[in-house]
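**Student:** Return a 3D structure for these sequence lines:
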Amino acid sequence: MTTHNGYLLIADISGYTQFLTSSELEHANPILQSLLSAMVEQVGEPLQFWKMEGDAVLAYSTQQGFPTGETFLATCENLYNAFATRRQNIIANTTCPCQACANVTGLDLKIIAHHGEFDEMQVGPMKDISGADVILVHRMTKTDVGAVTGIRSYALFSDAAVNAMGIKAALVPYSQPFEYFGEVSMQVYDLAKAWESFRAGCEHFFLKEKDGVWTYHRHFDLPIVAIWDALTAPELKQRWMDGMISVTVERPKGRIGTGSGYHCAHQAADFRYWVTDWEPFEYFSTRIHDPGREGISMPETYQLKPTSTGTDFRYTIGQAHDAEGNRSEISEQEAVGFLSEFWPICFDEMEELLSKME
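**Tutor:** Numbers count the residues shown, from 1 in each chain. Predicted coordinates:
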């Protein structure tokens, strides 16, 4: 057996028992299979699929402190979004009058996460994990969170998970005693509310390659979440960006996302840019200031696509304009000249850093 520290995650469909006992099985089971499949598709490295338990998808990470807390939170949100989107599609695309199809609206999702120690063991052809913290995360699925807080679609994090994540999201304190564990302090995160306020209705700024002035392509033999983390987490960016002195981020919503601003103090110049579009783990777009010309900025898009061997990456930078819309081709030429040398060196460093972290 191998002992690890890491995240333990359970994505549990609520309303499952009532749904099955009041619905026709020939329709209920395919609906549940579709919802569970949508969730399983969101589980990828560095999280490892653990197993399924009826109405729940279980996963864990053996890498302590990775992914970053904000990336782990985005993973939880993506699990919820995949579930909610599939549920909505089922509702919208069926005219079936059966009880199973009518009862889909009663299904919801809760995500339970804990950070602790566990043993990874191989039993014949099966891999499993065990330990007191594994028991605790299962106990956390049986709480009165919904009744006490009124939050239906939630992520419930143990304080150990919150501390490991280091997040400052809008969390609601909650505690409950569990046999053999005593009083356990936890934090509740409203997934549905967060999705609506943080992403829904946002204007999209996605720069296609054909609309840019220069594009850089690269393939990484690494999982998409690892690449996303390296591109967005300031503590990682500072380690792989060549000539970087410091990286700081403004988080107006308590976390990195649309509206956040980066300040990269580089040996060559100070670079400042802000996030204009944020779609974990597909792409994010920014607008970067020309460090040598006041008032001129350029749009950028960083796009990621999973492949069978890792991740395809595309970076595109667009036309430079001032506040009045006047184009600056000299800014574009200087940016492309710098980045065409800068990115290959930087991404070599990033790939080496992430390979050592695996």
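**Student:** Run through the neighbouring helices and strands of the longest helix along the chain.
**Tutor:** The longest helix of the chain (DSSP state H) is helix 329-357. Where contact means 3 or more CB pairs under 8 Å, 6 or more residues apart in numbering; DSSP states H and E, helix 329-357 is packed against strand 214-220, helix 224-232, helix 234-240, strand 297-307, strand 310-317. Backbone N, C-alpha and C define where each C-beta goes, glycine included.
**Student:** again, only this time at 6 Å
**Tutor:** Helix 329-357 makes packing contacts with strand 214-220, helix 224-232, helix 234-240 when contacts are defined by 3 or more CB pairs under 6 Å, 6 or more residues apart in numbering; DSSP states H and E.
**Student:** Most tightly packed of those?
**Tutor:** By mean neighbour count, with neighbours taken as mean count of other CB atoms under 10 Å, helix 224-232 ranks first of these at a mean of 24.
**Student:** Met39: neighbour count?
**Tutor:** 22 (other CB atoms under 10 Å).
**Student:** Which residue is the nearest non-sequential neighbour of it?
**Tutor:** Val57 (4.8 Å; CB to CB, 6 or more residues apart in numbering).
**Student:** my read: that neighbour touches Asp12, true?
**Tutor:** No: the pair Val57 / Asp12 is not scored as a contact, 8.2 Å apart, by CB atoms under 6 Å.
**Student:** who has more neighbours, these two?
**Tutor:** Val57 (26 against 21).
**Student:** in what helix or strand does the more buried one lie?
**Tutor:** strand 56-60 (DSSP states H and E).
**Student:** Identify each buried residue in the helix or strand following that strand, please.
**Tutor:** Downstream of strand 56-60, the next assigned helix or strand under DSSP H and E is helix 69-92. Across helix 69-92, burial judged by 16 or more other CB atoms under 10 Å covers 69-84, 86-87, 90.
**Student:** How about residues contacting helix 69-92?
**Tutor:** 11, 35, 38-39, 42, 104, 109, 111, 155, 165-167, 191, 229, 255-256, 280 (CB atoms under 6 Å, 6 or more residues apart in numbering).
**Student:** re earlier: quick check: the gap between the residue nearest to Met39 and Ile31.
**Tutor:** 16 Å (CB to CB, to the nearest Å).
**Student:** Val247 too?
**Tutor:** 45 Å.
**Student:** got it, and Arg152?
**Tutor:** Distance from Arg152 to Ile31, by CB to CB: 19 Å.
**Student:** Who has more neighbours out of those two?
**Tutor:** Ile31 (20 against 15).
**Student:** and that one, which of the three is it?
**Tutor:** helix (DSSP: H, G, I helix; E, B strand; the rest coil).
**Student:** thinking again about what came up before, just the contacts of helix 69-92: which are in helices?
**Tutor:** Reading helices off the contacts of helix 69-92 with DSSP H, I get Leu35, Ala38, Met39, Met165, Leu191, Asp229.
**Student:** Spatially, what comes nearest to the second one if we skip its sequence neighbours?
**Tutor:** Right, Ala38. Arg86 (4.0 Å).
**Student:** per-residue confidence for the one you found?
**Tutor:** Predicted confidence (pLDDT) for Arg86: 90.
**Student:** Any figure for the gap between the nearest residue to Trp214 once chain neighbours are set aside and Trp240?
**Tutor:** For Trp214, ignoring the flanking residues on the chain, the nearest one in space by CB to CB, 6+ apart is Val336 at 4.3 Å. Going from Val336 to Trp240 by CB to CB gives 21 Å.
**Student:** Over to Phe181?
**Tutor:** 40 Å.
**Student:** Over to Phe281?
**Tutor:** Taken as CB to CB, the span from Phe281 to Trp240 is 18 Å.
**Student:** for Ala335, same thing?
**Tutor:** 20 Å.
**Student:** and what of Gly116?
**Tutor:** 29 Å.
**Student:** same thing with His266?
**Tutor:** In terms of CB to CB, His266 sits 13 Å off from Trp240.
**Student:** Same check on Lys51?
**Tutor:** For Lys51, the distance to Trp240 - CB to CB - is 35 Å.
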